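Colleague: here is the input, now give the coordinates:
(chains A, B and C)
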Amino acid sequence: MKGVILEIVPEAAIVDISHAVQPFDVLDGALTISQAYAYFPAGTVHLVVVDPGVGSARRPIIASTDKYYFVAPDNGILSLIYAQEERAHVRHITSDHYFLQPLSNTFHARDIFAPVAAYLAKQVDSHKFGDEIEDYTRFAAPKPKVVDAGRMRAVVLKVDRFGNLITNITPKDAPMLFGADPAPFKLVVGSKEITVIRTIYSEGTPGEVFGIMGSMGFLEIAANRGNAAQITGAGKGSEVSILLGGAAAAGKGA
Amino acid sequence: MKGVILEIVPEAAIVDISHAVQPFDVLDGALTISQAYAYFPAGTVHLVVVDPGVGSARRPIIASTDKYYFVAPDNGILSLIYAQEERAHVRHITSDHYFLQPLSNTFHARDIFAPVAAYLAKQVDSHKFGDEIEDYTRFAAPKPKVVDAGRMRAVVLKVDRFGNLITNITPKDAPMLFGADPAPFKLVVGSKEITVIRTIYSEGTPGEVFGIMGSMGFLEIAANRGNAAQITGAGKGSEVSILLGGAAAAGKGA
Amino acid sequence: MKGVILEIVPEAAIVDISHAVQPFDVLDGALTISQAYAYFPAGTVHLVVVDPGVGSARRPIIASTDKYYFVAPDNGILSLIYAQEERAHVRHITSDHYFLQPLSNTFHARDIFAPVAAYLAKQVDSHKFGDEIEDYTRFAAPKPKVVDAGRMRAVVLKVDRFGNLITNITPKDAPMLFGADPAPFKLVVGSKEITVIRTIYSEGTPGEVFGIMGSMGFLEIAANRGNAAQITGAGKGSEVSILLGGAAAAGKGA
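Modeller: Coordinates of the predicted model:
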């Protein structure tokens, strides 16, 4: 893919955002690009390909925002971009003279997405790649669910390389956890009950598993110099129960 | 290695083709470079170092083709390049004033190969590095073997990060598998029998293991959103039996 | 982090030195940068962040040498640089107008260290980031200990991707191992006794585990085309006993 890009635009600065997106995991790809894209210079072309449907009828698309282009398969991987960028315009890429020939069935990242990204970086107008569409695929990131007045049920979205469990809990979902003087609460994750929110990792006491607002904007379950995934036995997709008030006092379960 | 290159040619664009070549695995290195090199711009210098013989008498070489330079140890790692590029010229690098001093015994990638690649990128003429040789090392990639009229025996060359098993079967080796209306056949890989060839991954039904022509030009054994290596229990070096006609009907074994 | 850097200095050449430093392992980070930094062009800004204390009071610092800048947390990660570069000057970074706002508690690599490195690369004078300090954190790399006349006790500092065990033994620590005609000796590592020093990996006989001077300047325990960590059962932190003379003849233990 990088060869294809440099053939078209030799002066391109190519940056790998991550080598750790899980195979076939569109949500992981969506989370990864959503937390990184806004730190890049205006005009950056973001090439975002997690593509279990390669070769099928799923459309290749370009999404344009005020500052960026995103080139991707239309499988929802840009959903969190759409959520953050109200003025995104999406085009269906149909101008196949920009594609590599012969076109393979199995490696569209190389044959379609990379050359289109390169031509965009070379200032080819996005209008030239295809028409705007409205019916592009988007999904909502899973939100914590209210079970009853004292209980919510959340989920671990991903585990980072430190073993931190990144949940889908934002300050908006559970403001009671984030105040200066939080209400009594308990988080249940895997084999552990968590009753402490820290603001920095190194405040965690030895062996303690705690909650912390992470740089992705979600509550993380972490351990100071430890691996929270290993300690709790939880992983991607694991349930996180939030118990408040009386439910927190009473114990486990949601 | 990158520091050494940038010291010599600060404007170099350095691209990592792969971080996943197996230690000491010259064939894996040969496959990796052979499927990627032709996508890079003319004039690219390919630095290809899998070097179990570092420090020994194996020669450092430069191979030149119409479009590219390859800098490598003479251990066969360029064999698939020689097979694809009839007009490759190979030189034994002997001009040690291009090397880093003091020369280590254990890190020639840094001390020999990286600086030579950098000086080539800086337009130093390849003639200046040493004389042309004819007796360079090359091996034939392992080909499927015909056992009898109805049976062939192939092998898994490598497993990619999706768990796809890349075999050594090309369309030329087994044209009967790739037609619009293929003859009856059966592939036996690990614990599985495969009777379906797909053209795109996402056509695979749940749990199905199938064959597919991969982007490297070889038949791959794959599973839609699954890990074929885990499902079949096969891996690098595993045997793949191809049964045709009556042998396919009769069952296992080659 | 790369986005932040390119936003400030779009023409930056960004090189990843390693993707394999262990989480929270300051010594591993210190070793990694110490063996690579001197190969980069003069003026390179080295961004070195292994930062278990992110968000706490540990200071962000810039170390300047004749040729390079280092941007890092003041947790000792530059200790081996200080040991090699007598004329290093260290500054406490306090000019927070160079930081990204809002400043997170958990990702100072992105919010503090990356922008400071970028402004240094953009030729902003290091004086502008804060005052020079003398009380910066440094640790001595663990040295082999003399137990008695015939015994020393060393340690495995790290395991590389080939499974080589990199010890803390330098030629200065144990000159008797490195001469043309070394005195009788024995190294005990995990389950193996080692009595051979090789100068190149490929001289090792099948199954043999041997010592070799590695490119990092330390004695390594290695196996020709094999994984010494797996063969010996040793790993990072494992003890290495050096027995000399009579002790070597007598056997195990230190």
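Colleague: so A:His89 touches A:Tyr68, yeah?
Modeller: No: with contact defined as CB atoms under 8 Å, A:His89 does not reach A:Tyr68; the gap is 11.6 Å. Backbone N, C-alpha and C define where each C-beta goes, glycine included.
Colleague: which strand in chain A has the most residues?
Modeller: strand A:151-159 (DSSP state E).
Colleague: what pairs with that one, parallel or antiparallel?
Modeller: strand A:145-148 (antiparallel), strand A:165-167 (antiparallel), strand A:239-244 (antiparallel) (DSSP bridges).
Colleague: re earlier: so between A:His89 and A:Tyr68, which is more surrounded?
Modeller: A:Tyr68 (19 against 13; other CB atoms under 10 Å in any protein chain shown).
Colleague: against chain C, how distant is the more buried one?
Modeller: A:Tyr68 sits 11 Å away from chain C, going by CB to the nearest CB, to the nearest Å.
Colleague: quick one: contacts for that residue?
Modeller: A:Tyr37, A:Phe40, A:Ala42, A:Gly43, A:Thr44, A:Val45, A:His46 (CB atoms under 8 Å, 6 or more residues apart in numbering or on different chains).
Colleague: which one among these gets closest to chain C?
Modeller: If you rank the contacts of A:Tyr68 by distance to chain C using CB to the nearest CB, A:Phe40 comes first, at 3.7 Å.
Colleague: was I right about the closest one contacting A:His46?
Modeller: Yes: using CB under 8 Å, A:Phe40 makes contact with A:His46 at a distance of 7.4 Å.
Colleague: give me the pLDDT for the nearest residue to A:Asn224 once chain neighbours are set aside.
Modeller: Leaving aside its sequence neighbours, A:Asn224 sits nearest to A:Gly204 (CB to CB, 6 or more residues apart in numbering or on different chains; 3.1 Å). Listed pLDDT for A:Gly204 reads 94.
Colleague: show the backbone phi and psi for A:Gly204.
Modeller: phi -60, psi 140 (degrees, to the nearest 10).
Colleague: got a list of what A:Ala30 touches?
Modeller: Counting by CB under 8 Å, 6+ apart, A:Ala30 has contacts A:Gly76, A:Ile77, A:Leu78, A:Ser79, A:Leu80, A:Ile81, A:Ala141.
Colleague: among the residues you listed, name the buried ones.
Modeller: Among the contacts of A:Ala30, those buried by neighbour count (16 or more other CB atoms under 10 Å in any protein chain shown) are A:Gly76, A:Ile77, A:Leu78, A:Ser79, A:Leu80, A:Ile81.
Colleague: now, the residues you listed that are in strands?
Modeller: Using DSSP E, none of those sit in strands.
Colleague: from those, which is closest to chain C?
Modeller: Chain C has its nearest neighbour among the buried ones among the contacts of A:Ala30 in A:Ile81, at 14.6 Å by CB to the nearest CB.
Colleague: mind listing the helices for the stretch 151-254 of chain A?
Modeller: Remark: helices assigned in the stretch 151-254 of chain A by DSSP state H, counting those that start in this stretch are A:228-232, A:245-250.
Colleague: buried stuff in the longest one?
Modeller: In this case it means helix A:245-250. In helix A:245-250, counting by 16+ other CB under 10 Å, buried: A:Ala247, A:Ala248.
Colleague: show me what that helix packs onto, helices and strands only.
Modeller: Under the contact definition 3 or more CB pairs under 8 Å, 6 or more residues apart in numbering or on different chains; DSSP states H and E, helix A:245-250 sits against strand A:185-189.
Colleague: tabulate the CA atom coordinates of the strand it packs on in PDB.
Modeller: Presented in PDB, the C-alpha positions along strand A:185-189 are these (Å, rounded to 0.1, in the frame of the first residue of the first chain):
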ATOM      1  CA  PHE A 185     -20.700   3.400  43.600                       C
ATOM      2  CA  LYS A 186     -19.300   0.100  42.600                       C
ATOM      3  CA  LEU A 187     -18.100  -1.200  39.300                       C
ATOM      4  CA  VAL A 188     -18.000  -4.900  38.700                       C
ATOM      5  CA  VAL A 189     -15.700  -6.100  36.000                       C
END
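Colleague: OK, contacts around A:Leu31?
Modeller: A:Leu80, A:Ala141, A:Leu157, A:Lys158, A:Ile166, A:Met216.
Colleague: what is the orientation angle of the longest strand of chain A with strand A:185-189?
Modeller: Relative orientation of strand A:151-159 and strand A:185-189, computed by axes from the mean of the first three to the mean of the last three CA atoms, to 10 degrees: 50 degrees.
Colleague: okay, and the beta partners of A:Gly211?
Modeller: Beta bridges link A:Gly211 to A:Ile197, A:Ile221, judged by DSSP bridges.
Colleague: quick one: contacts for it?
Modeller: Residues near A:Gly211 by CB under 8 Å, 6+ apart: A:Leu177, A:Leu187, A:Ile194, A:Val196, A:Ile197, A:Arg198, A:Leu219, A:Glu220, A:Ile221, A:Ala222.
Colleague: just the pLDDT for the fifth one.
Modeller: Predicted confidence (pLDDT) for A:Ile197: 93.
Colleague: what's near enough to touch it?
Modeller: Under the criterion of CB under 8 Å, 6+ apart, the neighbours of A:Ile197 are A:Leu177, A:Phe178, A:Pro182, A:Phe210, A:Gly211, A:Ile212.
Colleague: for it, give its distance to chain B.
Modeller: Distance from A:Ile197 to chain B, counting by CB to the nearest CB: 36 Å.
Colleague: quick check, the residue in the stretch 101-250 of chain A closest to chain B?
Modeller: Residue nearest to chain B within the stretch 101-250 of chain A (CB to the nearest CB): A:Phe107, separated by 3.7 Å.
Colleague: touching, that residue and A:Val54? I think so.
Modeller: Yes: if you go by CB under 8 Å, A:Phe107 and A:Val54 touch, sitting 7.3 Å apart.
Colleague: which stretches of chain A aren't confidently modelled?
Modeller: Applying pLDDT under 70 to chain A flags residues A:250-254.
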